[in-house]
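1. Have a look at this prediction, sequence included:
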Amino acid sequence: AERTGFVADAILNARRLEVAGKVRDRIWILALARGDLEQAQSALQTAQGLADDVKRRVDAGELPRSDLLLADKDVLTRTDAVAQAENRVAQAEVAFRNLTGMESALAPRREPLPANTELPENHPQLVLVDAKVEQARAHRERVDGERRKGPNVWLGGKRFKERSGAGYDSAVGVEISIPLGSVAHAAPALAMAGAALTEAQVEREHRYHELAEALYIATLEYQRTNEAQQRAQRRQELAEASLDISRRAFELGETDLVRLLQVQADTIDARHDQQIRQLDVGLAIARLNQSLGVIPQ
């Protein structure tokens, strides 16, 4: 009974971790979708600003009308990107709401990076399979104990009356139970209990290797996203400097609008990549903590 109680508690903690993992993924997927939308809106604002400037210069006779067509085309492309990003955010919000029952989610906070990435013994999934092993072992011991039972003597008394209104009579009863062929009779139950224990032990080893593999993959994913974020940061810095130079060159008539639009598109992509990489790092840390069995409070 105690072992069964331990299994029940372990199941509860394991389910908490499972639900936490689903919420973690949904909230970060929603954050990524919102990041896409934010960058798409920023890109649209930049494109619209450039188009307004080009229109002013076309009206002043400084630029050909073909440049205005290019700028307006870029605005339409960015507007379509915003619409698609809004659709992805709406889908992510529905998925989050269906899972949690909450109307909307706040921006996720980056979880602390774990200091130790070794699989802990108190991982809820390991605790659960360990509890199942001990439950199976206790069951086998109980069956084995019943197999070796000796003769039992029962002694008891009772009071009764023959009919309504009559006085009570007392009686003493003795019962002797002598097991016959108990070893052979209990053999199937003992074999089944032993098989259940072996199965629980195999499941424990299988689950341990599964969790160790998931932890290894999560660790590698964090390292990859962290390195990618650093590269994206450097790329954005270079793109911003290049855009600043191209804008000044365009204003001075040293380059054409096509070149400026190309550099501006590269910068927008670099900004988008940098923000998404930052969110990827947060998701990777959350999944790393999930693989370590950390339940957020």
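-> Structure received.

2. Tell me the confidence at Glu18?
-> Looking at Glu18, its pLDDT is 94.

3. Tell me who's in contact with Ile245.
-> If you count contacts by CB atoms under 8 Å, 6 or more residues apart in numbering, Ile245 has none. Any C-beta I mention is one placed from the backbone N, CA and C, and that applies to glycine too.

4. Ok, the one 4 residues further on next?
-> For Ala249, the contacting residues are 255, 260, by CB under 8 Å, 6+ apart.

5. in a helix, that's where it is, yeah?
-> Yes - assessed with DSSP: H, G, I helix; E, B strand; the rest coil, Ala249 lies in a helix.

6. how near is it to Thr46?
-> Relative to Thr46, Ala249 is positioned 17 Å away (CB to CB, to the nearest Å).

7. repeat for Ala131
-> Distance, Ala131 to Thr46, by CB to CB: 58 Å.

8. Compare the two and say which is more crowded by neighbours.
-> For Ala131 and Thr46, the more surrounded residue by other CB atoms under 10 Å is Ala131, and the numbers stand at 22 against 19.

9. residues contacting Ile11?
-> If you count contacts by CB under 8 Å, 6+ apart, Ile11 has them with Leu128.

10. That one sits in which helix or strand?
-> helix 2-59 (DSSP states H and E).

11. And the helix or strand just after that helix, what does it pack against?
-> Per DSSP H and E, the first helix or strand lying C-terminal to helix 2-59 is helix 65-100. For helix 65-100, the elements it packs on are helix 2-59, helix 257-291, judged by 3 or more CB pairs under 8 Å, 6 or more residues apart in numbering; DSSP states H and E.

12. Packing partners of the last one?
-> I take that to be helix 257-291. Using 3+ CB pairs under 8 Å, 6+ apart: helix 257-291 touches helix 2-59, helix 65-100, helix 182-251.

13. what's the angle between that helix and helix 182-251?
-> Computed by axes from the mean of the first three to the mean of the last three CA atoms, to 10 degrees, the angle separating helix 257-291 from helix 182-251 equals 160 degrees.

14. pLDDT on helix 257-291, on average?
-> 91.

15. That helix: how far from the chain's middle?
-> Distance of helix 257-291 from its chain centroid, counting by CA atoms, centre = their mean, to the nearest Å, is 21 Å.

16. got the buried residues for it?
-> Within helix 257-291, the residues that count as buried by 16 or more other CB atoms under 10 Å are 257, 260-261, 263-268, 270-277, 279-291.

17. cool, and stretch 230-244?
-> Per 16+ other CB under 10 Å, stretch 230-244 contains these buried residues: 232, 235-236, 239, 243.

18. how distant is it from the center of its chain?
-> Chain-centre distance of stretch 230-244: 32 Å, with CA atoms, centre = their mean.

19. Only alpha carbons, please: show that stretch as PDB.
-> Once non-C-alpha atoms are left out, stretch 230-244 reads as follows in PDB (Å, rounded to 0.1, in the frame of the first residue of the first chain):
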ATOM      1  CA  GLN A 230      26.300  35.600 -31.400                       C
ATOM      2  CA  ARG A 231      26.800  35.300 -35.200                       C
ATOM      3  CA  ALA A 232      23.400  37.100 -35.800                       C
ATOM      4  CA  GLN A 233      24.400  39.900 -33.400                       C
ATOM      5  CA  ARG A 234      27.600  40.500 -35.400                       C
ATOM      6  CA  ARG A 235      25.700  40.300 -38.700                       C
ATOM      7  CA  GLN A 236      23.200  42.900 -37.600                       C
ATOM      8  CA  GLU A 237      26.000  45.300 -36.500                       C
ATOM      9  CA  LEU A 238      27.600  45.000 -40.000                       C
ATOM     10  CA  ALA A 239      24.200  45.400 -41.700                       C
ATOM     11  CA  GLU A 240      23.300  48.500 -39.800                       C
ATOM     12  CA  ALA A 241      26.700  50.100 -40.700                       C
ATOM     13  CA  SER A 242      26.200  49.200 -44.300                       C
ATOM     14  CA  LEU A 243      22.700  50.600 -44.400                       C
ATOM     15  CA  ASP A 244      23.900  53.900 -42.900                       C
END
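
20. Can you name the residues in contact with that stretch?
-> Contacts to stretch 230-244, defined as CB under 8 Å, 6+ apart, come from residues 263-264, 266-267, 269-271, 273-274, 277.

21. Make JSON lines from these and add distance to Ala1 to it.
-> Below are those laid out as JSON lines (distance: CB to CB, whole Å):
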{"residue": "Val263", "distance to Ala1": "73"}
{"residue": "Gln264", "distance to Ala1": "71"}
{"residue": "Asp266", "distance to Ala1": "68"}
{"residue": "Thr267", "distance to Ala1": "67"}
{"residue": "Asp269", "distance to Ala1": "63"}
{"residue": "Ala270", "distance to Ala1": "63"}
{"residue": "Arg271", "distance to Ala1": "61"}
{"residue": "Asp273", "distance to Ala1": "57"}
{"residue": "Gln274", "distance to Ala1": "57"}
{"residue": "Arg277", "distance to Ala1": "52"}
